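Visitor: sharing a model that was predicted from the sequence below.
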Amino acid sequence: MPEEKHMIKHATAVGNRKIKQKADQLINLIQENQDKEFFVCTHDNPDPDAMASGVGMNRILNFLGIESNKIWYCGEIGHPQNRAMQVSLNLPMKLWTTEVEKDVASRLEDCFFIFVDVCSPDQSNMSIPFDPQVVVDHHKQNPKSKDVLFIHDEIGACATLIADLMLNVPPIENEENKEHCFNHEADGMREVCTCIALGIKIDTLDFLSENSTDYDYKAYKLATIFMQSEKFHKVVSYELPPYMFEYEKVAFENKVVNNPTCIIGIGYLDQNRGDCIPYLADKYMRLPGIQTVVVYAIVGESLRASVRNTSSAYDTEQLIEDIFGAGMGGTKQGIGGAKVPLGLLSAIALGECDCQDSLWKNIKSVIEHKFTKSTSK
Ligand SMILES: [Mn+2]
């Protein structure tokens, strides 16, 4: 291991030319704007790749002398694994609010936006409304604004692009030595490596996703050499709150299995227990023969759902649209979700009127009907 560490210290890149070409531009742009306030932002409901990319981008900024120690997001960090990552690594996730938005809007020319793992405020999963100056992303989409430095390759994880950028930042020389951006001995770098390893592992589904590449594997291997193994494993085998086990029972009793599909209505969930939905959706995908899962529940004032699909018989995005309506959800490689505000009916969901049972029954039959209709097209 020590030998490997020594070797890595002088490693220059993950090797992706698309990134090498953009690294200098990024550094110049950051330096030209060093007097501005930097906002590193990611998509709504950040996942491990989004968080890792934000952490790595902050390291680059700090290395270049820019103060930036937050990762801005909207939505929530809901999935228990995502929360485990935020908590065990003490990540500086910062919720974007209307107050922040007003404040920023009043001095927009003094602000510099960097988007990671998302490319444009026009996307349905990006609620921070300002156009970024820099985008680092690995998804298919392109930023709408032309006036943006777009650092992009369609590979397994955004964290891979970020690790590659870190390795491409030229070292800063002083009398004693050369300081590298990707220096595992620097403050906080072991946490950065832990995040990058987690982001890549989880976003590439352990390198099984269609778009994962050797670059992802190289960056992952590099990060794992310096990561904090204990924290890494704590996130990989994340703890589950006790209520998860209770809702496993509810799901087991309510499931409608029709191989290869499975749909499960959970009923009403407390606002802070919405994480049951993606958890159960992932779990039911492991039932033999199942290729499509929809798990839904009423959470607070919305109907929320998680969708998983590996079947080529239906398009996941279409399935979500058929059931929940256009613009109500999103998907990426067969993993998706939806959130439909209940509007007027919220009063019932919140228990202000006495017909919670019938509201649930009606919603359940509508969803099941639409699901059957969409999957038997
Ligand atoms: Mn990603």
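Guide: Looks like it came in fine. Numbering: from 1, shown residues only.
Visitor: switch to C-alpha atoms for all contacts and neighbour counts from now on
Guide: Noted.
Visitor: so what's Gln219 up against?
Guide: Quick fix: residue 219 reads Ala, not Gln. Going by C-alpha atoms under 8 Å, 6 or more residues apart in numbering, Ala219 touches 14, 160, 163-164, 197.
Visitor: spell out for me which residue occupies the centre of the chain.
Guide: What sits nearest the mean C-alpha location of the chain, by C-alpha atoms, centre = their mean, is Asp47, with 2.6 Å.
Visitor: for that residue, give me its contacts.
Guide: For Asp47, the contact set (C-alpha under 8 Å, 6+ apart) comprises 77, 82, 199.
Visitor: in CSV, list the contacts of Ala219 along with distance to His138 and neighbour count.
Guide: Formatted as CSV, the contacts of Ala219 follow (distance: C-alpha to C-alpha, whole Å; neighbours: other C-alpha atoms under 10 Å):
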residue, distance to His138, neighbour count
Val14, 15, 24
Thr160, 9, 33
Ala163, 13, 30
Asp164, 13, 25
Ala197, 16, 29
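Visitor: quick one: the helices in the stretch 51-200 of the chain?
Guide: 80-88, 98-105, 158-168, 189-203 (DSSP state H, counting those that start in this stretch).
Visitor: out of those helices, which one sits most buried?
Guide: Greatest average neighbour count among the helices of the stretch 51-200 of the chain goes to helix 158-168 (a mean of 29), per mean count of other C-alpha atoms under 10 Å.
Visitor: which residues touch the residue nearest to His138 when sequence neighbours are not counted?
Guide: In this structure, His138 finds its nearest non-sequential neighbour in Glu154, 4.7 Å apart by C-alpha to C-alpha, 6 or more residues apart in numbering. Contacts for Glu154 (C-alpha under 8 Å, 6+ apart) come out as 138-140, 211.
Visitor: select only the buried ones of those in PyMOL?
Guide: Selecting only the buried entries of the contacts of Glu154 in PyMOL, with 16 or more other C-alpha atoms under 10 Å as the criterion:
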select buried, resi 138+139
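Visitor: which of the contacts of Glu154 sit farthest apart?
Guide: In the contacts of Glu154, two members sit farther apart than any others by C-alpha to C-alpha. They are Lys140 and Asn211, at 10.6 Å.
Visitor: let me know the outermost residue of this protein.
Guide: Using C-alpha atoms, centre = their mean, the residue of the chain lying farthest from its centre is Glu175. It sits 40.9 Å away.
Visitor: state the distance from the residue of the stretch 251-377 of the chain found nearest the ion to Lys370.
Guide: Among the residues of the stretch 251-377 of the chain, Lys332 lies closest to the ion, at 9.4 Å counting by C-alpha to the ion. Computed as C-alpha to C-alpha, to the nearest Å, the Lys332 to Lys370 distance reads 21 Å.
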